[in-house]
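sequence-free structure coming up:
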């Protein structure tokens, strides 16, 4: 799927300029576009402005505006509805993936089907090159332990959506790179260490910019490396 170059550049560059002499001797501006794209695309593009417009890697900027950048489709497993406290950090993570050159795909968000949900998931996953499993708390069980009518202990546990387990299994079956991320306290199945043989990254998914943590970046880079 192509990403409009104008959208990509406008979303990601920071511009600074200084007077200089252009290549043909006339005054101009040497402009450095410092892209905020951290992974998957160049971190910096140098261009010299004079005449009709700036140049990016030797190509006139105005010609690039109509071009496309290819992005890698990634299946993203998460519940359709999560608590409000998770939505803003998730939106930031999805934006981060987009800037890094990936297009998150998930049924019920940008993709709909007339088939049964499982069939739709299977068909959508066939178009993806990798998968990310986000384990949000979806169900909570609370219990109390009492003795002689006196409260001894309160117990609570949180569980992810069953679709996390189904979609992760399908992704592993297709032998695609799978990145498993769990909110603190979420466990069971693929979120248990050692079940899949893959590392499970645990963090607070309701925390702002959790995806910028050094711990996450380490597993994210390894996941990226495995994508063909």
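Alright, I've got the coordinates. Since the structure is predicted, the reported quantities are computational estimates derived from the model, not experimental observations.

residue contacts, residue 193?
By C-beta atoms under 8 Å, 6 or more residues apart in numbering, the residues touching residue 193 are residue 200. Heads up, the C-betas are built off the backbone N, CA and C, glycines and all.

endpoints of stretch 200-214, how far apart?
One end of stretch 200-214 sits 15 Å from the other (C-alpha to C-alpha, to the nearest Å).

and that stretch, which residues are buried?
Buried residues in stretch 200-214, counted by 16 or more other C-beta atoms under 10 Å: 200, 201, 202, 203, 205, 206, 210, 211.

between those residues, which is nearest residue 105?
Minimum separation from residue 105 among those (C-beta to C-beta) is found for residue 211, which lies at 18.0 Å.

am I right that the closest one sits in a helix?
Yes. Under DSSP: H, G, I helix; E, B strand; the rest coil, residue 211 falls within a helix.

just the pLDDT for it.
Here the pLDDT value assigned to residue 211 is 96.

which residue, other than its chain neighbours, is closest to it?
residue 93 (4.8 Å; C-beta to C-beta, 6 or more residues apart in numbering).

so which residues of the chain form helices?
5-12, 61-64, 84-99, 117-126, 162-173, 214-226 (DSSP state H).

now do the third one: which elements does it pack against?
Spelled out, it's helix 84-99. strand 102-105 (3 or more C-beta pairs under 8 Å, 6 or more residues apart in numbering; DSSP states H and E).

before we move on, back to that, now the residue nearest to residue 211: how far from residue 213?
As judged by C-beta to C-beta, to the nearest Å, residue 93 and residue 213 stand 12 Å apart.

map the structural domains onto the sequence of the chain.
2-70, 72-226 (automatic domain parsing).

least reliable of these by average pLDDT, please.
Among those, domain 2-70 carries the lowest mean pLDDT (a mean of 42).

quick one: which of the helices of the chain is nearest residue 187?
helix 162-173 (11.5 Å).

identify all contacting residues around the closest one.
Outside helix 162-173, the residues that touch it by C-beta under 8 Å, 6+ apart are 75, 77-79, 118, 121-122, 125, 131, 133-135, 178, 180, 188-191, 196.

in strands, which of these fall?
Among those, the residues falling in strands (DSSP state E) are 75, 77, 131, 133, 134, 135, 178, 180.

run a quick neighbour tally on the third one.
Put plainly, it is residue 131. Residue 131 has 23 neighbours, counted by other C-beta atoms under 10 Å.

could you check how far the residue nearest to it when sequence neighbours are not counted is from residue 155?
The spatial neighbour of residue 131 that comes closest, neighbours along the chain excluded (C-beta to C-beta, 6+ apart), is residue 171 at 3.8 Å. Going from residue 171 to residue 155 by C-beta to C-beta gives 32 Å.

for residue 115, same thing?
Counting by C-beta to C-beta - residue 115 and residue 155 are separated by 40 Å.
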